[in-house]
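Colleague: Got a predicted model here, sequence first, then my questions.
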Amino acid sequence: MPVGVVTMSTAALPATVVHATSTAPASETPVVVRPRTYTLVTTYRVVFACLVGPPILTLYVLTAPAGTWAYVVLIHLLAFAVIFLIGLCIRRVKLELTPDRISETGLIGRPVHTARSDISSLLLLSVTDGNSARVEDQLFALDASGNTLLRLRGQFWGREAVRAAIAALDIPCTTIDTPKIMSDLRREHGPLLYWHERHPLWRALLLGTGVLLVAGPVLWFCQGLI
């Protein structure tokens, strides 16, 4: 899931707030926060290899008798290129906090800048997937109207990066310690989430459609090689 700046409206926060804290004074030196690059790159590579590796090996076996295995090599090289590009995109992600503004460099595109003066408050939530005891932080930077200007997800950035951002921002932070699952977030903080998190069925439908659009031509091409 990608990193990004969103602008949405939100209703008043629920009465489950545990406490509010204010961090130490902001430093004049720019603070650069980066995600868990090595862990993310390794995870994506392993997942991609598990998904793509077996089909490619099968194609090598099936196309060897016909002598068309060279075309499979092209598919193999394309898969390696995708893995390489994913690694490059993840390594460019960073968050730079200066006394005047916050600059977020995402997976693609130009950096997005947010004036520090536009951020009125911070909301720190504890989120779990409901299937394990692991809890991740999610940080929301809100303006005076409750719109989300910046969001850091712990599973992408890591706890240390989230806490470093809170310290560098020096803005009152409301912390909700009770762990939430995604259904809780959709019900209690829906407007703060990305649209695909608010509508999981639509996300699944679009993802399935995308897989068919990509896999269909590839399967048709591979069928002609056998």
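Modeller: It's in.
Colleague: Longest helix in this protein, please.
Modeller: Assignment by DSSP state H gives helix 37-63 as the longest helix of the chain.
Colleague: I'd like to know which elements that helix is packed against.
Modeller: helix 69-91 (3 or more C-beta pairs under 8 Å, 6 or more residues apart in numbering; DSSP states H and E). (C-beta placed from N, C-alpha, C; glycine too.)
Colleague: The helix it packs on: which residues count as buried?
Modeller: 69, 72, 75-76, 79, 86, 90 (16 or more other C-beta atoms under 10 Å).
Colleague: quick one: it to chain centroid distance?
Modeller: In terms of C-alpha atoms, centre = their mean, to the nearest Å, the centre of helix 69-91 is set 21 Å apart from its chain centre.
Colleague: Could you pull up the mean pLDDT of that helix?
Modeller: The pLDDT scores in helix 69-91 average 85.
Colleague: so what does the next helix or strand after that helix touch, helix or strand wise?
Modeller: Following helix 69-91 in sequence order, the next helix or strand is strand 94-97 (DSSP states H and E). Taking 3+ C-beta pairs under 8 Å, 6+ apart as contact, the helices and strands that strand 94-97 lies on are strand 31-33, strand 101-105, helix 159-169.
Colleague: Now render those as TSV, adding mean pLDDT and distance to Leu207.
Modeller: Output for the helices and strands packed on strand 94-97, formatted as TSV (pLDDT from 0 to 100; distance: least, C-beta to C-beta, whole Å):
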stretch	mean pLDDT	distance to Leu207
strand 31-33	88	29
strand 101-105	91	25
helix 159-169	89	27
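Colleague: so can I have TSV of these showing distance to Arg203 and mean neighbour count?
Modeller: Putting the helices and strands packed on strand 94-97 into TSV (distance: least, C-beta to C-beta, whole Å; neighbours: other C-beta atoms under 10 Å) gives the following:
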stretch	distance to Arg203	mean neighbour count
strand 31-33	27	17
strand 101-105	23	19
helix 159-169	24	19
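Colleague: Is it possible to get a markdown table of the ones you listed that adds distance to Ala115?
Modeller: Listed next are the helices and strands packed on strand 94-97 as a markdown table, based on distance: least, C-beta to C-beta, whole Å:
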| stretch | distance to Ala115 |
| --- | --- |
| strand 31-33 | 16 |
| strand 101-105 | 5 |
| helix 159-169 | 12 |
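Colleague: For Pro65, which of the ones you listed is the nearest?
Modeller: Nearest to Pro65 among the helices and strands packed on strand 94-97 is strand 101-105 (48.9 Å), distances taken as C-beta to C-beta.
Colleague: Brilliant, that's me finished.
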